[in-house]
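Asks: what shape does this take:
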Amino acid sequence: MTKSVFITGAATGIGRATALLFAQRGYLVGGYDLNEDGLRVLAADITAVGGTPVVGHLNVTDADEVAQRLAEFTQTSGGRLDVLINNAGLLNAGRFEEISLDVHHREIDVNVKGVVNGLYAAFPYLKATPGAVVVNLASASAIYGQAELANYSATKFFVRAITEALDLEWGQYGIRVIDMWPLYVNTAMTKDVKTGTTQSLGIRLTAQDIATDIVAAVDATWARRLVSQVHFPVGIQAKALALGARFSPAWLTRLVNKGLAGS
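Replies: Now for the predicted structure:
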């Protein structure tokens, strides 16, 4: 039976690149976004690579719409949901107090509530699909709170925590729950972003880099499955930072992050 993947924020960037990779691997691809023009282009491109697209409007902050879209998609897929990718997200950079409160709240609504809505609505379909996998898009900013990305970083700590907890809870149903930890990715989301860490670390990753690692994480090697790897840093820099934070004392991790941010 054809496997299926449901991707939020699929019209551009990481979501689009991931959708095309899964299409090339023979998946039925559900691509959902607010950007309906982008979805039409995505659907045509999925068809061009021999895939089968199912696309539709989705506001991830609307729990009822998330549930409706998942129900519609799984009717098309025969009830299967092999992979859920919670990709939709916002990034607002700058000093915390200089960003308006409504912008902070919107970031929380999309990055936190949007993920919760997706997980909650998808659970029955994931449970009914042997070997199902959830991929949450976290960030290397979930390693240590980032200056000039305070609210964004906090939302990704939430994603990290819910990923860890649900991987434990849902393991009994055979559902893997994992997350990706990229540093800055060269997409529209980072087009106008300039912080201390973009200056010191650069914006080196592409959407294709993340998509490639998502597919690899879903089809994890036996070794990664054996150790139940949950977090997947993307790129050499993120892997180095994650490894360093894991083994260094808290004061040193803080000092490194302070230096990188130029704070």
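Asks: how about the contacts made by the closest residue to Leu166 other than its chain neighbours?
Replies: Nearest non-adjacent residue to Leu166, counting by CB to CB, 6 or more residues apart in numbering: Val177, 4.4 Å away. All C-beta spots, glycine's among them, are computed from the backbone N, C-alpha and C. By CB atoms under 8 Å, 6 or more residues apart in numbering, Val177 lies in contact with Val133, Val134, Asn136, Thr163, Leu166, Asp167, Trp170, Val230.
Asks: let's see if you can find the most crowded of the residues you listed.
Replies: Val134 (26 neighbours; other CB atoms under 10 Å).
Asks: and the pLDDT at that one?
Replies: Reported pLDDT at Val134 in the predicted model: 98.
Asks: what do you get for Val5?
Replies: The predicted structure scores Val5 at 98 on the pLDDT scale.
Asks: likewise Thr190?
Replies: For Thr190, the pLDDT comes out at 70.
Asks: and what of the one 3 residues further on?
Replies: Among the per-residue scores, Val193 holds a pLDDT of 69.
Asks: try Arg204
Replies: 65.
Asks: repeat that for the one 5 residues further on.
Replies: pLDDT recorded at Asp209 is 95.
Asks: from memory it sits against Gln237, does it?
Replies: No: with contacts counted by CB atoms under 8 Å, Asp209 stays clear of Gln237, the gap being 11.5 Å.
Asks: which residues do the two both contact?
Replies: By CB under 8 Å, 6+ apart, no residue touches both Asp209 and Gln237.
Asks: which positions are bridged to the most centrally placed residue in the chain in the beta structure?
Replies: The centre of the chain sits closest to Leu137, judged by CA atoms, centre = their mean, with a distance of 1.7 Å. Beta-bridge pairing for Leu137 (DSSP bridges): Met180.
Asks: so, low pLDDT: which residues of this protein?
Replies: 184-189, 191-193, 196, 198-204 (pLDDT under 70).
Asks: got the buried residues for stretch 108-124?
Replies: For stretch 108-124, burial by neighbour count (16 or more other CB atoms under 10 Å) applies to 108-119, 121-123.
Asks: can you flag which of these belong to helices?
Replies: Under the assignment DSSP state H, the buried residues of stretch 108-124 contribute Ile108, Gly114, Val115, Val116, Asn117, Gly118, Leu119, Ala121, Ala122, Phe123 to helices.
Asks: returning to what we had before: how much space separates the residue nearest to Leu166 from Phe158?
Replies: From Val177 across to Phe158, the span is 14 Å (CB to CB, to the nearest Å).
Asks: again, but for Ile178
Replies: Distance check for Ile178 against Phe158: by CB to CB, it reads 16 Å.
Asks: between these two, which has more neighbouring residues?
Replies: Higher neighbour count among Ile178 and Phe158: Ile178, with 22 against 18, using other CB under 10 Å.
Asks: for that one, helix, strand, or coil?
Replies: strand (DSSP: H, G, I helix; E, B strand; the rest coil).
Asks: hang on, isn't it packed against Ala132?
Replies: No: counting by CB under 8 Å, Ala132 is not a contact partner of Ile178; they are 11.6 Å apart.
Asks: what about Val234, how many neighbours?
Replies: 22.
Asks: skipping adjacent residues, who's closest to it in space?
Replies: Nearest to Val234 is Pro182, by CB to CB, 6+ apart, at 4.0 Å.
Asks: now the ones in helices among the buried residues of stretch 108-124 in CSV, with distance to Ile7?
Replies: Converted to CSV, those look like this (distance: CB to CB, whole Å):
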residue, distance to Ile7
Ile108, 21
Gly114, 13
Val115, 13
Val116, 17
Asn117, 15
Gly118, 10
Leu119, 14
Ala121, 14
Ala122, 12
Phe123, 17
